[in-house]
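K.L.:
structural data only, the sequence is not supplied:
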């Protein structure tokens, strides 16, 4: 259900280097609520407690990175980390770490490619939201496949 919002957020961030509150904040509230409802269904594959803790952990980690270097990471990325952490945390800590790491890895490869092609330097800003979202998708696919019986 969150996929259309993720695509829209990735497109907006890639174009204007912003993640609007009108999309990130409702998503941050809705994802944990939907996962709470999913836990009430039979054959749930995750844990709502892990989803909430995942949101707090990933959101907290991004907040620390933002506070350390506000010019290096936008606050929209911090707000986006909440629903992504909830979705990844639903499947457990391993999936959360894999999805978060994949986002950083993809962003680093893209940035390094720009530097090698001389289209950017170390101080150039790149939109990080799309990499967070693709990394989370990869983590969710990993979690879904490992949850199968």
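P.N.:
Received the coordinates, thanks. Note that this is a predicted model, so its numbers are computed, not measured.
K.L.:
so where do the helices sit in the protein?
P.N.:
Using DSSP state H, the helices of the chain run over 3-16, 21-39, 48-68, 75-89, 93-116, 129-147.
K.L.:
now the angle from the fifth one to helix 48-68?
P.N.:
So the one you mean is helix 93-116. Counting by axes from the mean of the first three to the mean of the last three C-alpha atoms, to 10 degrees, helix 93-116 points 30 degrees away from the direction of helix 48-68.
K.L.:
any idea how far helix 93-116 is from the chain center?
P.N.:
Put simply, helix 93-116 sits 11 Å off its chain's centre (C-alpha atoms, centre = their mean, to the nearest Å).
K.L.:
so for it, what gets flagged as buried?
P.N.:
For helix 93-116, burial by neighbour count (16 or more other C-beta atoms under 10 Å) applies to 95, 96, 98, 99, 100, 102, 103, 106, 107, 110, 111. C-beta coordinates here come from the backbone N, C-alpha and C atoms, glycine included.
K.L.:
just the closest of those to residue 57, please.
P.N.:
For these, the closest approach to residue 57 (C-beta to C-beta) belongs to residue 96, at 7.0 Å.
K.L.:
who's in contact with the closest residue in space to the closest one that isn't next to it in sequence?
P.N.:
In this structure, residue 96 finds its nearest non-sequential neighbour in residue 88, 4.2 Å apart by C-beta to C-beta, 6 or more residues apart in numbering. For residue 88, the contact set (C-beta atoms under 8 Å, 6 or more residues apart in numbering) comprises 54, 58, 95, 96, 98, 99, 100, 136, 139, 140, 143.
K.L.:
of the buried residues of helix 93-116, which is the nearest to residue 43?
P.N.:
The nearest one, if we look at those relative to residue 43 and count by C-beta to C-beta, is residue 95, at 18.1 Å.
K.L.:
now do the contacts for the nearest residue to residue 78 once chain neighbours are set aside.
P.N.:
In space, not counting the residues next to it along the chain, residue 78 is nearest to residue 62; the distance is 4.4 Å by C-beta to C-beta, 6+ apart. By C-beta under 8 Å, 6+ apart, residue 62 lies in contact with 73, 77, 78, 81.
K.L.:
below-threshold pLDDT in the chain: ranges please.
P.N.:
Along the chain, the parts satisfying pLDDT under 70 run over 147-149.
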